[in-house]
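Undergrad: A structural model of the following input is requested.
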Amino acid sequence: MSERDTCRVLKSGSRVEIKVKGSRFIAEAFPVETVAAAEARIAGVRKRAYNATHHCSAYRVGTGGERFRYNDDGEPSGSAGPPILRQIDARGLTNTLVVVTRYFGGTKLGVGGLARAYGAAASEALDASVIEERILRVPVRLRFAYADTSPAMHTIERFHAEIMETHYGEATELVVGVRRSEAQAFVEAFTEALAGRGSASAGGTEG
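TA: Below you'll find the predicted structure:
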């Protein structure tokens, strides 16, 4: 399978706690699909643990992990958010958020100590989470006559495409999910199998 066909995401998150020189670091990993969902999760943790010293976080979202953000939340610059993001990136994850809540224990850790603590907490939370490979699919809209059902379905099965929507009228209309790297090849194979009858167009959202 082409590398472009999959991404690594969290199937389920986790919550872990570590202690470093009296400070408590509570790391929570969440699967998130959008920036808005990530920001909402962060806000939820802040509200729930309102009496904590810091809520540092990092996330990466998008099928290619193209959108990311980290926040040191008052800790020295680069001592919290970037170490958390590095743990996400080290596992090749996207659609993943980690929030590390700190309760100060009275002993300053320094920039290096903070980076190690936040990175370790994030690492343990991600190790305790369930990671899965997600197949990235492009929706392809098909339209064909009832008489062409056999070659159409044969092409769908040959590419292991998933039928997402079905509509039967004067013609059969389907929306099928095809692996991203095979979308153009599928359209060409469908057109050839039906000898130019019917139509196939790729586009829309991926997932």
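Undergrad: all helices for the protein, in order.
TA: For the chain, applying DSSP state H gives helices covering 35-48, 81-90, 110-127, 149-158, 183-193.
Undergrad: Could you work out which of those helices reaches nearest to residue 20?
TA: Ranking the helices of the chain by proximity to residue 20 (Cβ to Cβ) places helix 110-127 first, at 4.5 Å. Placement of C-beta: from N, CA and C, glycine included.
Undergrad: Would you mark the buried spots in that closest one?
TA: 114-115, 117-126 (16 or more other Cβ atoms under 10 Å).
Undergrad: beta partners of the residue nearest to residue 137 when sequence neighbours are not counted?
TA: Nearest residue to residue 137, sequence neighbours excluded (Cβ to Cβ, 6 or more residues apart in numbering): residue 177, at 3.5 Å. Beta bridges link residue 177 to residue 139, residue 162, judged by DSSP bridges.
Undergrad: need the contact list for residue 177.
TA: Residues near residue 177 by Cβ atoms under 8 Å, 6 or more residues apart in numbering: 137-140, 161-162, 164, 207.
Undergrad: ok, of the residues you listed, which one's closest to residue 99?
TA: Closest to residue 99, out of all of the contacts of residue 177 and judged by Cβ to Cβ, is residue 207, at 24.7 Å.
Undergrad: And the residue most central in space within the chain, how far from residue 6?
TA: Nearest residue to the geometric centre of the chain (Cα atoms, centre = their mean): residue 95, 2.6 Å. Computed as Cβ to Cβ, to the nearest Å, the residue 95 to residue 6 distance reads 13 Å.
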